[in-house]
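Colleague: Return a 3D structure for these sequence lines:
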Amino acid sequence: MKVELITVRNGEERVVEYEYKPREEGERPMALDVLLQAQATELPDLAFRYGCRNRTCGICTIDVNGRPRVGCRARVRDGDRVSAPATLPVVRDMVSRRDGVARQLRGRLPNGLRGNDLEVAAPDDYHALTACIECYACLDKCPMHARNFEDGEERRDASGAYRHGNPFSLLKLQRIRLDPVADPAEKAAALETALALGLDACRDCPGCKCGVGIDLKRKVVKPLVVAAFGDS
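Modeller: Predicted coordinates:
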């Protein structure tokens, strides 16, 4: 089975046709299997991320045929193209810069970004949002995140965070609004932060996709839009 690996070195893309050798007849490997075998055989300097068994799930996300997929869960076929996530700047090969998203909520909330660690009963919607693995697949086709790259320039603030948000940052903020141990000031700050990050871009958006199946449109975006703008 041949898979095209789109590698990036010094800002230049190169297509490497790699022949994956299956471990058994008819095997359809995960994308991560292909990358691991390629690195172990023909491409020892191939750069990619994965955190399986290290409690850092989600960082193996790559694009398969131009769509974000969690590498350890996405099966590939003959002729598929594997590349770095197109929604973030590429560092090298399959590795993208994720720091602009990770920094976004620092210093914006009264008591920092914390979760319900007191084992206080929380609504089902709160628990549904804890399934997020921070794969950032939701950035794909997000009009709010796209504002960070208008005119071909990255828009970051003094801390290095992207100026405009994304479904991942909105999910974190909505969790605060649902958290029974968050006080009213924290919940109000969460909504204000969503507005500051560009929540208005979500009013006409048909919805976002989650890599692990969280209903971002109904559980995250719609409640925030209704609270901020009164849209039904």
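Colleague: What ranges does this protein have for its helices?
Modeller: Applying DSSP state H to the chain gives helices spanning 31-40, 99-102, 124-129, 143-146, 167-178, 184-196, 216, 222-229.
Colleague: Please state the offset of the fourth one from the chain centre?
Modeller: Between the centre of helix 143-146 and the centre of its host chain there is 13 Å, according to Cα atoms, centre = their mean, to the nearest Å.
Colleague: hang on, the earlier thing: so of the helices of the chain, which one's packed in deepest?
Modeller: Using mean count of other Cβ atoms under 10 Å, the stretch among the helices of the chain with the largest mean neighbour count is helix 167-178, at a mean of 24. The way it works is simple: take the backbone N, C-alpha and C, and place the C-beta from them, glycine included.
Colleague: Strands along this structure, start to end?
Modeller: Using DSSP state E, the strands of the chain run over 2-9, 12-19, 61-64, 67-70, 81-83, 90-92, 95-96.
Colleague: Centroid-nearest residue for this protein?
Modeller: Nearest to the mean C-alpha position of the chain, by Cα atoms, centre = their mean, lies Tyr136 at 0.2 Å.
Colleague: Pretty sure that residue sits against Pro85.
Modeller: Yes - in this structure, Tyr136 is within contact of Pro85 by Cβ atoms under 8 Å, at 6.8 Å.
Colleague: show me where pLDDT drops low in this protein?
Modeller: Residues of the chain meeting the criterion pLDDT under 70: 53-56, 110-120, 232.
Colleague: what's the domain layout of it?
Modeller: Residue ranges for the domains of the chain, per automatic domain parsing: 2-96, 99-229.
Colleague: circling back: with mean neighbour count and distance to Lys217 as extra columns, can I get the strands of the chain in TSV?
Modeller: Compiled in TSV, these are given as follows (neighbours: other Cβ atoms under 10 Å; distance: least, Cβ to Cβ, whole Å):
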stretch	mean neighbour count	distance to Lys217
strand 2-9	17	30
strand 12-19	12	33
strand 61-64	25	20
strand 67-70	20	17
strand 81-83	21	27
strand 90-92	16	28
strand 95-96	20	25
